[in-house]
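Peer 1: Got a sequence here, can you build the structure:
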Amino acid sequence: MPVVVVESPAKAKTINKYLGDDYTVLASFGHVRDLPPKDGSVDPEADFAMKWEVASESKKHVKAIKDALASDPNLILATDPDREGEAISWHLLETLAPALKKGAEVSRVTFNAITKAAVTEAMANPRQIDQPLVDAYLARRALDYLVGFNLSPVLWRKLPGAKSAGRVQSVALRVIVDREMEIEAFKAREYWSVHARLATPRGDEYDATMTVFGGKKLERFDIADEEAAKLAVAAIASRELKVASVAAKPASRNPWPPFMTSTLQQEASRKLGLGARACMSAAQRLYEAGHITYMRTDGIDMAPEAVMAARDAIKARFGAEYLPKSPRMYKNKAKNAQEAHECIRPTDMMLSPDRLPVSDKDQKALYDLIWKRTIASQMESARMERTTVEIASPDGQVGLRANGQVMLFDGFLRVYDQGRDDEEDEDSRRLPLIHEGEAAEKRAVTPEQHFTQAPPRYTEATLVKRMEELGIGRPSTYASIVTTIQDRDYVRKEQNRLIPEDKGRLVTIFLLKYFPRYVSYDFTANLEGELDDISSGERAYREVLRRFWRDFTAALEGTSELRIGEVLEAIDETLAPHLYPPRPDGSDPRECPLCHKGRLHLKTARSGGAFIGCSNYPDCRFTRPISSPDAEVVGDAVLGVDNGDEISLKNGRFGPYVQRGEATAEKPKPPRASIPKGWDLASVDLERALALLALPREIGPHPEDGVPVEAGIGRYGPYVKHGAKYANLPEVDEVFTIGMNRAVEVLAQKVTRGRAAAAPLAELGEHPEGGPVQVMSGRYGPYVKWGKVNATLPRDLEPDSVTLERALELIAEKAAKSGKKPAKKAAAKKPAEKKAAAKKPAAAKAKKAG
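Peer 2: The predicted structure is shown next:
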């Protein structure tokens, strides 16, 4: 039987259903080879020769493939249809070559969807490995290695606390830092608008906005303050108003094109709250199960047979009036050949979301989004009538405008509206019947104050959109880029917004100062373009590497004599307008606000991060974070006394912390604990301080080996620990309440790294607040589970005799002991309940980029 190799077991299982017993389908579990993370893996002196190494965890998978080839030498490589998939096939062929028998046939097949028709057609049309695509992969991999392994050591030596730099990740970080500096430099500008509640002679009310004042058309900032607003209100109030004109115009809205990778990630973030990595993980599983087409793509075109299937589904489900006379055609905007496949769409247009045989919540929600967007893309336009009413005073000194809209035919909006969760604008309001020339009775006239808003911080979705606009990154790299800069602690995510950490800001300024070309948007985009040229066979990849390396080594040599003091001084000078903004009283912004003698300077610590400190140290110990130039000078606060020690809340160079006692000669470093991000300082009392100082907290002995299980807060956020194994917790507060069953479950999930969890012993039904209630078999004994609440069963209660009512009682008792009510997984957090976002540990080596 020919041996077919794919990336994942899920994909292998689906394909095996279609190929049957005539083939042996095996999984490589992603890339089987990689560059060893050490010097010399890419050798510029040997024309960029690359030394590959089979990963230890891949050796057993390679052996299984070799064993299968012993009985049938024919090898079919069926990895994904993009650059990365081509690279996996190339690595497999290189690795398996010694095991292939003489005359063995090796072929490459690709399919954009894992359906029987697509797989059968692909098997009937094999090809050879696409070398230009492989060359593009080799060039990208070599560039990333050369930048990472040559620039990162410069950062370590010249900028204490910096972790590493990446060719594209550093540019994405710059995007976030640039936006943060825009926000900090932003000065809000006040302006006013005036609105009137008017009525027709028949008593029907409508709203209008002032557009003319003093005979002049109003611009945005013409009514600059409250005084001017009061004059405008008086001008309206003192005049009779009449309807000068009523204009109704037909309008239409066309549907959006189907999804490609970047737009799917953006919509999944905005509508479902999924980050880039979570979105792509759910999409990958849908693809491998055969429900959607390939999910890493720059393409928006749709196969002709899929277009016709979508039209059939529209006609059957919504009627002929929702079907345009001819199919809608969408053209790809992206020029690159690496990723430009068909759009992301359902493989079966008749499979509506409510019939999808999937239980995972994220997969169901994402499929719903993809199905609706695809179906809507082939539907009729929405038709509406937009009405504009102009109201004026007889002397022409005052004018107002009312806008409204009436939907005549909803068209594609019946299924999908990308803007549905935007705020309603005035154009979407409905207006009563209004006649030209009739009086407009004033019911109320109100001024409204506004301030210009700083540009918003990026979300993962808007960052991907910005990267796409700049031409940096590609569909297979967006998610990993966004994840990497968070894993390195260069960026944190709060309320779904990306905020640069101090060390991320320092790294960006350092690179802009000493390596400006390599964090330039244009340079990075042009290099991506060259990689696209390689993939289409228009460039030789070694030529691109030679040119890059020549200029890059020159830039590296230019920093060889730099001292740390020089670097800090240069960064301090560059950031001065942001670090030391003018003070309201006109005093020197660099003067220490505590001792009034020293001057403020940028300082770093070996542990990483940066702070502003006084030059009069150690006589003056004033410090503040670099991101808080307006921070008040806060003294120590004593929260109470415990066992004779004062428990204090203090403000340090890395933010607030609690401390037991004071430093003495015998105890120069008293116990301290940082306040977790997201905690309101006003809520930190003696009880919470003692809880922090008591960490790590021992939960108890592990049921398998008796080794203590602990919960604590570390550099990557809240965690549970068993021996040398760590597993992250989603919320800081869980550190103080987690029990043994939950801890063992979290640790087990970390060990299995995403493999299927144990099946429940019994499904008891839905909790009144949503979510399944299950009986589980735990290592600490049987328990009932709802969300994050695990309640151990009493010894006299057998698992098969547990009722839903009894389970709800146990869950309520456990939740009460924890001191909080666990939120349902889908529930949005209210601002007042904002928890510190748990930082994620550095990701394990990805099986596949993206």
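
Peer 1: give me the number of residues near residue 800?
Peer 2: Look at residue 800: counted by other CB atoms under 10 Å, it has 9 neighbours. C-beta: built from backbone N, CA, C; applies to glycine.

Peer 1: my bad, residue 192
Peer 2: Residue 192 has 21 neighbours, counted by other CB under 10 Å.

Peer 1: That one - that's part of a strand, no?
Peer 2: Yes: the assignment for residue 192 by DSSP: H, G, I helix; E, B strand; the rest coil puts it in a strand.

Peer 1: Just confirm it contacts residue 229, I think it does.
Peer 2: Yes: the pair residue 192 / residue 229 is scored as a contact, 4.0 Å apart, by CB atoms under 8 Å.

Peer 1: tell me, what's touching those two both at once?
Peer 2: Counting by CB atoms under 8 Å, 6 or more residues apart in numbering, the residues touching both residue 192 and residue 229 are 223, 447, 449.

Peer 1: which SSE is the closest residue to the second one other than its chain neighbours in?
Peer 2: In other words, residue 447. Counting by CB to CB, 6 or more residues apart in numbering, residue 447 lies nearest to residue 229, which is 3.7 Å off, once chain neighbours are set aside. If you go by DSSP states H and E, residue 229 is part of helix 226-237.

Peer 1: Which elements pack onto the helix or strand bottoming out on mean pLDDT in the chain?
Peer 2: Lowest on mean pLDDT, DSSP states H and E among the helices and strands of the chain sits strand 623-625, with a mean of 75. Using 3 or more CB pairs under 8 Å, 6 or more residues apart in numbering; DSSP states H and E, the elements in contact with strand 623-625 are strand 610-614, strand 645-652.

Peer 1: Longest helix in this protein, please.
Peer 2: Criterion DSSP state H: the longest helix present in the chain is helix 131-158.

Peer 1: buried set for the helix or strand harbouring residue 246?
Peer 2: Element membership for residue 246, per DSSP H and E: strand 242-253. Neighbour-count burial for strand 242-253 flags 243, 244, 246, 253 (criterion: 16 or more other CB atoms under 10 Å).

Peer 1: Does residue 309 belong to a helix, a strand or coil?
Peer 2: Under three-state DSSP, residue 309 falls in the helix class.

Peer 1: What's the local residue count around the residue nearest to residue 447?
Peer 2: Burial measure for residue 229: 20 neighbouring residues, criterion other CB under 10 Å.

Peer 1: mind listing what's buried in stretch 482-494?
Peer 2: By neighbour count with 16+ other CB under 10 Å, stretch 482-494 contains the buried residues 482, 483, 484, 485, 486, 487, 488, 489, 490, 491, 492, 493.

Peer 1: Repeat that for stretch 461-474.
Peer 2: Neighbour-count burial for stretch 461-474 [16+ other CB under 10 Å]: 461-468, 470-474.

Peer 1: How far off centre is that stretch?
Peer 2: Its chain's C-alpha centre and that of stretch 461-474 lie 12 Å apart, by CA atoms, centre = their mean, to the nearest Å.

Peer 1: Any chance you could list what contacts that stretch?
Peer 2: Residues outside stretch 461-474 that contact it (CB under 8 Å, 6+ apart): 168, 171-172, 175-176, 262, 265-270, 276, 298, 336, 338-339, 456, 458, 478, 481-482, 498, 521, 524-525, 528-529.

Peer 1: quick revisit: so which of the shared contacts of residue 192 and residue 229 are in strands?
Peer 2: Members of the shared contacts of residue 192 and residue 229 lying in strands (criterion: DSSP state E): 447, 449.
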